[in-house]
Each structure stands twice: as structure tokens, then as C-alpha cells.
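Enquirer: coordinates for the following, if possible.
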Amino acid sequence: MQFKHPEILYFLFLLVIPILVHLFQLRRFKKEYFTNVKFLKELSIQTRKSSQLKKWLLLATRLLLLAAMIIAFAQPFFKAKDSKGSTNELYVVLDNSFSMQAKGKQGELLKRAVQEVLENTPENTTFSLLTNDDVYWNTDIKSIQKELMNLKYSANSFQLDQQITKIKSRKTPFNKDVVVITDAVNLPANQLKPIDETINPIFIIPKSEQKNNVAIDSVFLLQTLDNFYEIGVKLKSFGTFEQEIPVAVYNQKQLIAKTQVKLDQVEKELFFTIPKADFNGYVSIDEPGLYYDNEYYFSISKPEKAKVIAIGEADKNQFLSKIYSEKEFIFSSIELKALDYNVLEKQDAIIINEINDIPQALQTTLKAFYEKGGNVIFIPSEENKVENINSFLINFGSFSINDYQKKEKKITSIAFAHPLYNGVFEKKTDNFQYPSTNNSFELKSPYPSILTFEDQRPFLTSVSNALGSFYVFSAPINKDNSNFKNSPLIVPTFYNMAFQSAKSGIIALSVGTNSTITVDQLLSKDEIISVISADEKGEKFIPQQQILNNKVKMTFAESPTLAGNYSAVKDNTILKKISFNYPRTESDLRLDNSNLVDSYENSNSIETVFDALQTNRTDNSIWKWFVILALLFVVLELLIQKLVK
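Expert: Take a look at the predicted model:
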């Protein structure tokens with residue numbers, strides 16, 4: 001037992017006063033004579049004994065009364081078990097990622113966690129709350145009650161290391177108690193590294209009862225027909241499912257197609273045929289797992305003709321006119337001496353086809369064209385000097401070539417996974433009729449090779465920036481030097497090199513990731529493009545945008561925050577349909593890594609945590625009991641005075 005005011009205990013010396021009073025009574029007795037004391041002798045003895053007993057009882061009572069009062073004023077208490085932590089600052093880290101949508105015994109994990117925080121946090125407790133998106137420093141439960149009740153699920157995955165870093169950045173002389181509420185789904189072990197002796201983490205791991213889930217992983221364009229698109233939908237299943245799952249495709253709110261699928265594999269692909277027109281809709285599944293990955297939004301813009309120009313001799317450009325048909329391309333062929341440089345910036349792809357010299361002005365123009373999102377395709381000429389080619393290649397990346405080698409080589413390797421050949425081959429083949437070259441430059445490139453010679457040197461390679469691509473061949477492909485034009489590879493190679501920059505295909509970006517989209521639009525300095533949600537309750541924002549000649553590059557990072565279908569709009573005119581989806585990082589509920597936090601303190605509920613902190617860190621004051629004892633001794637003294645004769 002300890003005392004808050006131990007100096008008051010010196011007053012215990014006052015206990016000597018009642019002792020002296022009782023031992024040295026100053027009262028004198030007067031003798032009284034009776035005629036006959038024989039009969040009073042026994043009564044006299046009894047009275048004397050009772051008087052002595054009463055005096056000693058009163059002495060003990062008064063001593064105890066005075067001692068209890070002095071001790072009460074000294075305020076005694078029992079010290080708390082964890083008294084050093086009584087000044088600790090409290091931080092609550094609440095995981096509101098999509099995996100917290102899973103249902104436990106008492107409902108959705110996040111909603112239950114919020115309810116516990118609201119019900120069990122003491123009103124006079126100051127703490128800080130950190131969620132995946134927001135931070136509330138030095139607040140109390142009344143101040144953030146509304147925010148907690150309206151807390152939404154976050155597209156940002158739970159990053160414990162980032163939250164701990166934020167907490168550690170708070171300068172304070174006190175230690176920190178950190179209560180972490182998370183389901184630990186997909187929690188990496190390295191996120192626990194920032195925890196050190198300055199952090200006292202207590203983990204609350206709510207458990208979901210249902211681990212099965214189905215997610216729409218992606219939607220892709222399989223092929224483009226005359227009047228229809230054939231799209232593929234990729235599903236991922238986590239767990240076992242006995243019943244078939246319904247899958248539907250909607251264009252805005254109109255049902256386009258619907259089917260049912262048996263999930264007998266981890267990954268399943270479905271195929272739908274939809275009309276060839278502007279599409280701004282979604283794929284939906286009806287499955288009682290997580291809600292956020294049951295819909296996948298995507299947009300398809302009606303294909304626009306890609307503009308392609310080939311700079312070179314007319315006879316060498318002739319094969320390109322057959323690939324770039326008038327139905328899908330606006331193709332033009334021009335010789336270098338007749339080139340109008342102002343035309344180049346309006347193209348989607350520029351092909352440098354075996355010209356003997358690349359002027360510096362053309363190099364500068366092509367570099368700017370590539371940086372602004374255009375595709376450049378370079379086919380060298382055997383008469384071009386190595387120095388001239390290298391000075392051109394250095395504008396686009398770490399390319400270089402050596403002298404022209406007069407040696408026949410066969411192309412023996414294809415990068416099937418490269419985006420250039422995505423969907424071209426149904427499967428990898430070993431008996432492909434590979435083309436060859438008679439002569440070639442020795443091309444050095446740190447970038448992955450698309451087509452490779454038998455000596456592992458690249459025949460075709462590329463480098464890309466955020467918008468455009470630069471392709472370089474290491475050998476001329478005219479009929480005198482190569483049979484590449486007769487190969488089955490010629491059409492998909494050149495078609496996709498030009499068509500990748502065209503405005504077609506599926507647009508489905510991820511919320512919260514740094515992604516870009518280009519729009520063909522000529523803007524003045526004061527004009528802007530806005531992005532508006534197709535849903536009336538959705539978002540409207542202005543993305544970061546950069547004017548690139550007759551194009552506008554829009555960059556999406558922090559906005560939007562909600563998945564859905566959107567439109568890029570200028571002056572109430574829709575320029576492009578864009579769709580955004582939440583990342584599918586939280587879909588697999590089986591990735592429960594709660595075992596990683598077993599070495600730290602764990603608790604079952606927020607109520608248990610606060611009760612433990614209150615009990616272990618609060619001193620037990622007992623001065624009130626001594627006040628009660630003093631009152632009892634007062635009553636006892638009155639009873640002794642009245643009852644004892």
C-alpha cells in the first residue's frame with residue numbers, strides 16, 4: 001500500500017493524547033459513607049470492573065477513529081500492475097479493406113468492429129484512429145462517432161507497415177499502445193518489421209465464417225467481327241462450389257447476355273458476343289461472397305481508323321498498303337524528299353522503312369512524336385551508316401548496332417507472351433515456318449526481344465513509355481535480304497504495331513493506380529476535360545491532363561475512388577467512355593495470415609482490450625474505506641457510551 005500524501009501520517013503521533021487522557025484522569029473521587037455496605041460490596045466490585053472495561057473500549061475506539069481519519073487524509077492506494085503504461089498514448093488501427101465485408105458470427109466484420117469501438121471506448125479517452133484512407137489524430141469517441149458510423153469500405157489494401165510508420169512519426173515523450181483490428185487477409189510478414197519496443201501492439205483478429213468467394217478477374221476482347229465483338233470473361237473461384245453461378249453482361253442497365261457456369265476449376269473463362277458499338281457496361285455475378293468483386297466495369301469504344309504513314313521508297317512500302325487496309329486504317333506512303341513534317345504529329349504510327357539517311361530534323365520530330373504517345377517503327381537500310389543509325393536509336397532508349405554482317409540467320413524464337421502477339425496464337429508451336437535474313441546488323445538491346453535469331457540476337461525488339469512504343473528491326477526486310485514478308489508473322493506484327501495506338505479495345509482501369517488514357521482532341525490553354533460518372537450518385541472530377549498536339553493525355557491516380565462507368569466530357573460532348581474497377585487483391589479470403597501475429601498480444605474484442613488497460617493501469621484508491629471505518633468507530637463509541645454501564 002502506498003500514500004499520495006505520506007507526510008500526513010506524522011499526525012499519528014496525536015494518538016498519544018487520548019492515551020494520556022485515559023491513563024491520567026484528573027477527576028477526584030468524593031467519599032460517601034453508608035450505614036451498611038455489606039450488601040453493596042458485591043455491586044461495588046462489579047461496577048468497578050464495568051467502568052474499567054468501558055474506559056478501555058472507549059480508548060481503543062477513539063484511537064482507531066483518529067488513526068482512520070489520519071490515514072484517510074493521507075489517501076492510501078494500491079499501485080497498478082502496469083502503472084508505467086498509464087500515460088501511454090492510444091492508437092486504433094482499423095482495417096476497412098474489402099475483405100472485411102466477409103460475414104462473421106455477428107454480421108459483417110467491419111460493421112461489427114465499428115459497433116464495438118462505439119460501444120466500448122470510454123468517453124473521456126483520447127485516442128487516434130487510423131483507417132486505410134483517413135487519419136483522426138487526438139480525438140475522442142463522441143467527435144468521430146458520425147465518421148465511424150458512415151465508414152465505407154476502401155479500395156486500398158491494408159498496409160500495416162504504413163500505418164505503423166505514421167504512428168511512429170508522431171513525436172511524443174510517451175510510449176504508444178496500438179490496437180490493430182484486421183482480418184489479416186493477405187497480410188505479408190514484412191509489414192510487421194516496423195514494430196519495435198516503442199510500439200505495444202494488441203491485435204484483434206475478427207474471423208469470417210465463410211471462406212468461399214468468386215471474383216470477376218478481368219474482361220478481354222477476344223476478336224472483332226464485322227458486326228460483333230467477342231469478349232472473354234475470366235472468373236476466379238476460391239473454395240468449392242456445388243451450384244452453378246449466374247453471369248450476366250449489361251450495357252448500362254440493359255441486359256445483353258446471360259449464362260450459368262459450373263466452377264469446377266480455379267480459373268474459368270466465359271465468352272460472349274455483343275453488338276459492335278460503343279459499350280459502357282459491366283459483367284455481374286450473383287454470388288453471396290464479397291460484393292465488391294461481383295461486378296466488373298468495362299468500356300469499348302467504336303474503332304476509329306488508325307493513321308499510319310510509311311517514309312521510304314514506294315516499291316518498298318507497297319506491302320504495307322495491303323496490311324493497312326482502308327477499312328481500318330488511313331495509310332499513306334511518302335518518300336523522304338517529299339515529306340511534310342507537319343503531317344507527322346497527326347499520325348498514330350510512323351514507319352521508317354529503309355531510308356539511307358535519317359536527317360537530324362526527322363530524328364527530333366520522331367523523338368517528340370514518341371514522347372507524346374505515338375508509335376515509331378524503324379526498319380534499317382543496309383546503306384545507312386552505323387553512326388547515323390546509333391545517333392537515331394539513342395533518342396528512344398539504350399539501343400546500339402554494330403557493323404552490317406553478311407551472314408544468313410534464321411529467326412527461331414517468338415515471344416508469344418508479348419502484347420504484340422496477344423491473341424494471335426492459340427498455342428505455342430515448335431514446327432513454325434520461321435523466316436530468315438541474309439544480312440543483318442548486330443543489335444544490342446537491354447529490352448526483351450520479340451523475335452530472336454538463332455544466335456540469340458534480337459531481330460525485333462521494342463521499348464515503351466506510358467503511351468507510345470518504339471520498335472526496331474535489326475535487318476532490312478526487303479525481298480532481296482529476307483523472306484519475312486512471306487512469313488505468316490508479317491501481318492500480325494505490323495498490324496498490331498500500328499493498331500496498338502488506335503482508339504479501340506476494352507478500357508478497364510484500376511481505382512487507385514497511376515494510369516493514363518489519351519483522347520484525340522485539340523484543346524486551347526483554357527479548355528479542360530472533365531470525367532463524369534454514368535451513375536447519378538457517382539463522382540465528377542477533373543483529372544490531370546497534358547496537351548500533346550492534337551491529343552490530350554489524362555492521368556488518373558487519386559481519382560476516382562469509386563468503381564463504375566465514366567465518360568470523358570468537354571462542353572457536354574462525350575469524347576471517350578472509361579471504366580474503373582477496384583483491384584482484386586482482397587478476393588481470396590483463404591489467405592488468412594493471422595498466425596503472423598501470434599507472437600504479439602492478441603485479444604478477442606475491443607471491450608476486453610479497454611477493460612485490461614483500465615484494470616492494469618489504474619491505481620486502486622482505498623481512502624474511502626478508511627472514511628467508512630472512521631464513521632463506524634464513531635457509531636461504535638456512541639453504542640459503548642449508551643450500552644456499557
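
Enquirer: in the stretch 351-500 of the chain, where is pLDDT below threshold?
Expert: Regions of the stretch 351-500 of the chain meeting the criterion pLDDT under 70 cover residues 422-432, 466, 499-500.

Enquirer: what residues sit buried inside stretch 51-60?
Expert: 57-58, 60 (16 or more other Cβ atoms under 10 Å). (C-beta placed from N, C-alpha, C; glycine too.)

Enquirer: as TSV, the residues you listed with pLDDT would be great.
Expert: Putting these into TSV (pLDDT from 0 to 100) gives the following:
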residue	pLDDT
57	81
58	78
60	83
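
Enquirer: and the strand or helix carrying residue 459, what does it pack against?
Expert: Secondary structure assigned from DSSP states H and E places residue 459 in strand 458-464. The contact analysis (3 or more Cβ pairs under 8 Å, 6 or more residues apart in numbering; DSSP states H and E) places strand 458-464 against strand 440-444, strand 449-453, strand 469-473.

Enquirer: residue 388 contacts residue 357, doesn't it?
Expert: Yes: judged on Cβ atoms under 8 Å, residue 388 makes contact with residue 357 at a distance of 6.1 Å.

Enquirer: who has more neighbours, the two?
Expert: residue 388 (17 against 13; other Cβ atoms under 10 Å).

Enquirer: name the element the more buried one belongs to?
Expert: Judged by DSSP H and E, residue 388 forms part of helix 386-393.

Enquirer: so what does whichever strand or helix holds residue 269 touch, helix or strand wise?
Expert: If you go by DSSP H and E, residue 269 is part of strand 267-275. In terms of contacts (3+ Cβ pairs under 8 Å, 6+ apart), strand 267-275 is packed against strand 228-238, strand 245-251, strand 254-261.

Enquirer: quick one: the first one to strand 245-251, angle?
Expert: Right, strand 228-238. Interaxial angle of strand 228-238 relative to strand 245-251 (axes from the mean of the first three to the mean of the last three Cα atoms, to 10 degrees): 140 degrees.

Enquirer: tell me how far strand 228-238 is from the chain's mean position?
Expert: 25 Å (Cα atoms, centre = their mean, to the nearest Å).

Enquirer: got the buried residues for that strand?
Expert: Buried-residue list, strand 228-238, by 16+ other Cβ under 10 Å: 229, 231-238.

Enquirer: helix/strand/coil for the residue lying closest to residue 332 once chain neighbours are set aside?
Expert: The shortest distance from residue 332 to any non-neighbouring residue, by Cβ to Cβ, 6 or more residues apart in numbering, is to residue 309 (4.9 Å). At residue 309, secondary structure determined by DSSP: H, G, I helix; E, B strand; the rest coil is strand.

Enquirer: what's the burial count for residue 309?
Expert: Neighbours around residue 309, by other Cβ under 10 Å: 22.

Enquirer: give me the distance between it and residue 333.
Expert: 8 Å (Cβ to Cβ, to the nearest Å).

Enquirer: repeat for residue 518
Expert: For residue 518, the distance to residue 333 - Cβ to Cβ - is 25 Å.

Enquirer: now swap in residue 348 and tell me
Expert: 15 Å.

Enquirer: confirm residue 61 sits in a helix?
Expert: Yes: membership of residue 61 in a helix is supported by three-state DSSP.

Enquirer: what sits against it?
Expert: 633, 636-637, 640 (Cβ atoms under 8 Å, 6 or more residues apart in numbering).

Enquirer: same deal with residue 341?
Expert: Residues in contact with residue 341 (Cβ under 8 Å, 6+ apart) are 361-362, 365.

Enquirer: top of the residues you listed by neighbour count?
Expert: residue 362 (19 neighbours).

Enquirer: measure it to residue 377 for me?
Expert: Distance, residue 362 to residue 377, by Cβ to Cβ: 14 Å.

Enquirer: related to what we said a few turns ago, and the strand holding residue 459 with strand 440-444, angle?
Expert: Using the same axes, to 10 degrees, strand 458-464 lies at 40 degrees relative to strand 440-444.

Enquirer: still on that earlier bit, please produce a markdown table containing the contacts of residue 61, extended by secondary structure and neighbour count.
Expert: Formatted as a markdown table, the contacts of residue 61 follow (DSSP: H, G, I helix; E, B strand; the rest coil; neighbours: other Cβ atoms under 10 Å):
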| residue | secondary structure | neighbour count |
| --- | --- | --- |
| 633 | helix | 20 |
| 636 | helix | 17 |
| 637 | helix | 17 |
| 640 | helix | 16 |
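
Enquirer: touching, residue 190 and residue 164? I think so.
Expert: No: using Cβ under 8 Å, residue 190 makes no contact with residue 164, being 11.9 Å away.

Enquirer: between these two, which has more neighbouring residues?
Expert: residue 164 (24 against 10).

Enquirer: let me know the helix or strand that residue 642 is in.
Expert: Going by DSSP H and E, residue 642 is part of helix 623-643.

Enquirer: and that helix, what does it pack onto?
Expert: helix 41-73, strand 76-78.

Enquirer: next, the buried residues of that helix.
Expert: 623, 626, 629-630, 633, 636-637, 640.

Enquirer: cool, and stretch 516-527?
Expert: 516-519, 521, 523.

Enquirer: got those as a markdown table, with secondary structure columns?
Expert: Output for the buried residues of stretch 516-527, formatted as a markdown table (three-state DSSP):
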| residue | secondary structure |
| --- | --- |
| 516 | strand |
| 517 | strand |
| 518 | strand |
| 519 | strand |
| 521 | coil |
| 523 | coil |
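
Enquirer: in the stretch 1-150 of the chain, which spans are helices?
Expert: 16-23, 41-73, 109-120, 145-149 (DSSP state H, counting those that start in this stretch).

Enquirer: lowest average confidence across those, which one?
Expert: The weakest mean pLDDT among these belongs to helix 41-73, with a mean of 73.

Enquirer: count of residues packed around residue 247?
Expert: Residue 247 - counted by other Cβ under 10 Å - has 22 other residues nearby.

Enquirer: who does it bridge with?
Expert: Per DSSP bridges, the residues bridged to residue 247 are residue 259, residue 285.

Enquirer: that one touches residue 260, doesn't it?
Expert: Yes: using Cβ under 8 Å, residue 247 is in contact with residue 260, at 7.1 Å.

Enquirer: got the contact list for residue 56?
Expert: Residue 56 touches residue 22, counting by Cβ under 8 Å, 6+ apart.

Enquirer: how close does it sit to residue 18?
Expert: Residue 56 is 12 Å from residue 18, by Cβ to Cβ.

Enquirer: how far away is residue 530 from residue 513?
Expert: 21 Å.

Enquirer: actually, residue 60.
Expert: Counting by Cβ to Cβ, the gap from residue 60 to residue 513 is 82 Å.

Enquirer: repeat that for residue 320.
Expert: From residue 320 to residue 513 the distance is 36 Å (Cβ to Cβ).

Enquirer: which one's more surrounded, those two?
Expert: A direct count of neighbours by other Cβ under 10 Å for residue 320 and residue 513 places residue 320 higher, at 21 against 11.

Enquirer: helix/strand/coil for the more buried one?
Expert: Per three-state DSSP, residue 320 ends up helix.

Enquirer: shaky segments in the stretch 51-200 of the chain?
Expert: 77-87.

Enquirer: adjacent strands (with direction) for the strand holding residue 459?
Expert: strand 449-453 (antiparallel), strand 469-473 (antiparallel).

Enquirer: and the angle for the last one with helix 386-393?
Expert: An angle of 160 degrees separates the directions of strand 469-473 and helix 386-393 when computed by the same axes, to 10 degrees.
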